[in-house]
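S.K.: What follows is a predicted structure for the sequence shown.
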Amino acid sequence: MEPSAPDLEPRAASEISLVSFVLRFVCDEPAAQAARPATHWYGVIRHVQSNAERRFTDWDEAVAFIAQYVSVAREA
């Protein structure tokens, strides 16, 4: 008995929409000779399909960027 072939017909009941993001967290290290070492973190998010990119320092900024491409529902 041969295995059945996968269903290759498009599904009428649902459509698949793929949206991808690359999220990077960056740490700027202070120079070795700095009087008071401080570390600064920020993030960079990129929408893969359009290659649009935004730097952020607050998570809400990243969520706002994502919301341009997908519906983002936030819980109260």
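M.R.: Perfect, thanks for sending it.

S.K.: sec struct for E61, please.
M.R.: Local secondary structure at E61 is given as helix here, using DSSP: H, G, I helix; E, B strand; the rest coil.

S.K.: Leaving out the residues flanking it, which one is nearest to it?
M.R.: Across the structure, with Cβ to Cβ, 6 or more residues apart in numbering as the measure, the residue nearest E61 apart from its sequence neighbours is R54 (7.2 Å). The way it works is simple: take the backbone N, C-alpha and C, and place the C-beta from them, glycine included.

S.K.: quick one: that neighbour from S14, how far?
M.R.: Counting by Cβ to Cβ, to the nearest Å, the gap from R54 to S14 is 30 Å.

S.K.: Show me where this protein has its strands.
M.R.: Remark: strands assigned in the chain by DSSP state E are 21-28, 40-47, 53-56.

S.K.: how about those strands in a markdown table, adding distance to V63?
M.R.: Shown next, in a markdown table, are the strands of the chain (distance: least, Cβ to Cβ, whole Å):
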| stretch | distance to V63 |
| --- | --- |
| strand 21-28 | 11 |
| strand 40-47 | 10 |
| strand 53-56 | 9 |
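
S.K.: To A64, which of the ones you listed lies closest?
M.R.: For the strands of the chain, distance to A64 was read as Cβ to Cβ. The smallest value, 8.6 Å, belongs to strand 53-56.

S.K.: Who has more neighbours out of R54 and S14?
M.R.: The neighbour count for R54 versus S14, taken as other Cβ atoms under 10 Å, is higher for R54 (15 against 7).

S.K.: which ones are touching that one?
M.R.: Contacts for R54 were tallied using Cβ atoms under 8 Å, 6 or more residues apart in numbering; they are V44, I45, E61, A62, F65.

S.K.: out of the residues you listed, which are buried?
M.R.: Neighbour-count burial (16 or more other Cβ atoms under 10 Å) is assigned, among those, to I45, A62, F65.

S.K.: The second one contacts F25, doesn't it?
M.R.: No: counting by Cβ atoms under 8 Å, F25 is not a contact partner of A62; they are 10.5 Å apart.

S.K.: Give the residues shared as contacts by these two.
M.R.: Taking Cβ under 8 Å, 6+ apart as the criterion, A62 and F25 both touch G43.
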